[in-house]
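*Asks:* Curious how this folds, go ahead:
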Amino acid sequence: MDVASKVINALAERRGTDPKDINLDTKFADLSLDSLDVAELVMDLEDSFNVTIDISKVKGTVGDLVTVIQEAQK
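*Replies:* Sure, this is the predicted structure:
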């Protein structure tokens, strides 16, 4: 499973929504995620991907988060 799919599935599970309703352009605000929710998600994803994610680089969309994770994997 690629990074985007893992992130989307993690978000869908956290929000109780269908992964098909989330894409790279989806904003965290559209999913009713506040900064604490995003921080908790980032911590979970750090464990899942075994990377350190710089949350300050995540600007507010799923795509931003995916990009930051991909960069951290390099």
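
*Asks:* Show residues contacting the least confident helix or strand in the chain by mean pLDDT.
*Replies:* Least confident element among the helices and strands of the chain, by mean pLDDT, DSSP states H and E: helix 35-49 (a mean of 91). When contacts are defined by CB atoms under 8 Å, 6 or more residues apart in numbering, helix 35-49 is touched by residues 3, 6-7, 10-11, 14, 28, 33, 52-53, 55, 58, 65, 69, 72-73. In this view, the C-beta of every residue, glycine as well, is placed from N, C-alpha and C.

*Asks:* If we use 6 Å, what do you get?
*Replies:* Under the contact criterion CB atoms under 6 Å, 6 or more residues apart in numbering, helix 35-49 has outside partners 28, 53, 55, 69.

*Asks:* hmm, which of the residues you listed are the buried ones?
*Replies:* 28, 53, 69 (16 or more other CB atoms under 10 Å).

*Asks:* can I assume the last one is in contact with residue 3?
*Replies:* Yes. Counting by CB atoms under 6 Å, residue 69 does reach residue 3; the two are 5.3 Å apart.

*Asks:* list the helices and strands the strand or helix carrying residue 8 packs on?
*Replies:* Using DSSP states H and E, residue 8 maps to helix 3-15. Packing contacts for helix 3-15, counted by 3 or more CB pairs under 6 Å, 6 or more residues apart in numbering; DSSP states H and E, involve helix 62-72.

*Asks:* tell me the angle the helix it packs on makes with helix 35-49.
*Replies:* Between helix 62-72 and helix 35-49, the angle comes out at 40 degrees (axes from the mean of the first three to the mean of the last three CA atoms, to 10 degrees).

*Asks:* Now do the buried residues in stretch 15-35.
*Replies:* 15, 22, 26, 28, 31, 33.

*Asks:* Stretch 34-50 too?
*Replies:* Neighbour-count burial for stretch 34-50 [16+ other CB under 10 Å]: 38, 41-42, 45, 49.

*Asks:* Please compute how far it lies from its chain's middle.
*Replies:* 7 Å (CA atoms, centre = their mean, to the nearest Å).

*Asks:* Pull it out as PDB, backbone CA atoms only.
*Replies:* Once non-C-alpha atoms are left out, stretch 34-50 reads as follows in PDB (Å, rounded to 0.1, in the frame of the first residue of the first chain):
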ATOM      1  CA  ASP A  34      -8.600  20.300  14.700                       C
ATOM      2  CA  SER A  35      -4.900  20.800  15.400                       C
ATOM      3  CA  LEU A  36      -5.000  18.200  18.300                       C
ATOM      4  CA  ASP A  37      -6.600  15.600  16.000                       C
ATOM      5  CA  VAL A  38      -4.000  16.300  13.300                       C
ATOM      6  CA  ALA A  39      -1.200  16.000  16.000                       C
ATOM      7  CA  GLU A  40      -2.600  12.600  17.200                       C
ATOM      8  CA  LEU A  41      -2.900  11.400  13.600                       C
ATOM      9  CA  VAL A  42       0.700  12.500  12.900                       C
ATOM     10  CA  MET A  43       2.000  10.600  15.900                       C
ATOM     11  CA  ASP A  44       0.100   7.400  14.800                       C
ATOM     12  CA  LEU A  45       1.500   7.800  11.300                       C
ATOM     13  CA  GLU A  46       5.100   8.300  12.600                       C
ATOM     14  CA  ASP A  47       4.800   4.900  14.200                       C
ATOM     15  CA  SER A  48       3.200   3.300  11.200                       C
ATOM     16  CA  PHE A  49       5.800   4.700   8.700                       C
ATOM     17  CA  ASN A  50       8.700   4.700  11.200                       C
END
